[in-house]
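1. Okay, structure incoming, though there's no sequence with it:
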Ligand code: ITT
């Protein structure tokens with residue numbers, strides 16, 4: 001079975017591919033103009049992307065809306081994570097600046113994956129991973145805010161572990177596992 005995924009983010013795509021398993025191929029959907037993201041929640045944005053892109057896919061398609069929520073910033077950057085300051089480096093710099101002198105470093109990554117077929121939403125899957133915002137970036141792996149995200153059980157940032165180790169515990173890895181179960185048992 002081919003499972004289509006829609007994303008313009010190469011970091012996400014690398015991680016999506018780790019969800020492939022015998023009998024289920026993960027195939028990027030390309031060449032479709034980007035979808036507008038006007039929703040107020042991760043669920044609304046993930047659903048909008050999956051509905052839009054699945055109308056152009058020959059089978060099941062999923063899309064992910066995800067981001068970083070920092071408690072001391074009232075949940076920002078949240079759904080604005082991708083474009084908080086313009087690009088990954090500027091986004092990280094902005095979070096570090098806003099967190100200067102702040103003692104409460106609690107944060108989480110959130111991922112909502114929406115699964116759709118032929119322009120119709122089937123289901124959404126939400127997962128989160130808890131961590132802390134570092135005082136300086138650490139590591140070269142991953143993408144986005146990974147260098148700032150300290151994950152206590154690993155004792156390092158998510159940019160200091162290989163993609164498959166991050167995927168085992170990450171918001172995206174967990175949401176994809178939920179989606180895979182749904183596909184195996186209900187479609
Ligand atoms: P698509 O909509 O095309 O999939 P996007 O990057 O615009 O790509 P989002 O709107 O969902 O996707 O924004 C997600 C942003 O949240 C992403 O660009 C990162 O800045 C951040 N993010 C999400 N998951 C992350 C992760 O696993 N590690 C680090 N940063 C992450």
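-> That came through, no problem. Nothing here was measured: the structure is a model prediction, and the numbers come from that model.
2. could you list every residue that touches the closest residue to residue 169 other than its chain neighbours?
-> Once flanking residues are discounted, residue 169 sits nearest to residue 129: 6.1 Å by Cβ to Cβ, 6 or more residues apart in numbering. C-beta: built from backbone N, CA, C; applies to glycine. Contact analysis of residue 129 by Cβ atoms under 8 Å, 6 or more residues apart in numbering lists 108, 109, 151, 169, 170, 171, 174.
3. Pairing partners for the helix or strand harbouring residue 129, with directions?
-> Residue 129 belongs to strand 120-133 when assigned by DSSP states H and E. The strands beside strand 120-133 in its sheet (DSSP bridges) come out as strand 106-117 (antiparallel), strand 149-151 (antiparallel).
4. Give me the pLDDT value at residue 184.
-> pLDDT, residue 184: 88.
5. which outside residues touch stretch 2-17?
-> By Cβ under 8 Å, 6+ apart, the list of residues contacting stretch 2-17 reads 24-29, 32, 34-35, 49-50, 53-54, 57-64, 66, 82, 142-144, 163, 166-167, 170, 172-173, 176, 183.
6. And residue 57, how far from residue 100?
-> 44 Å (Cβ to Cβ, to the nearest Å).
7. which of these two has more neighbours?
-> More crowded of residue 57 and residue 100, by other Cβ atoms under 10 Å: residue 57, with 22 against 7.
8. That one belongs to a helix?
-> No: Residue 57: not assigned to a helix; according to DSSP: H, G, I helix; E, B strand; the rest coil it is coil.
9. Give the closest residue to it in space, chain neighbours not counted.
-> residue 4 (4.2 Å).
10. That neighbour: neighbour count?
-> 23.
11. which SS state does it fall under?
-> Applying three-state DSSP: residue 4 is strand.
12. likewise the one 10 residues further on?
-> Secondary structure for residue 14, judged by three-state DSSP, is helix.
13. quick one: it and the ligand, what's the gap?
-> 10 Å (Cβ to the nearest ligand atom, to the nearest Å).
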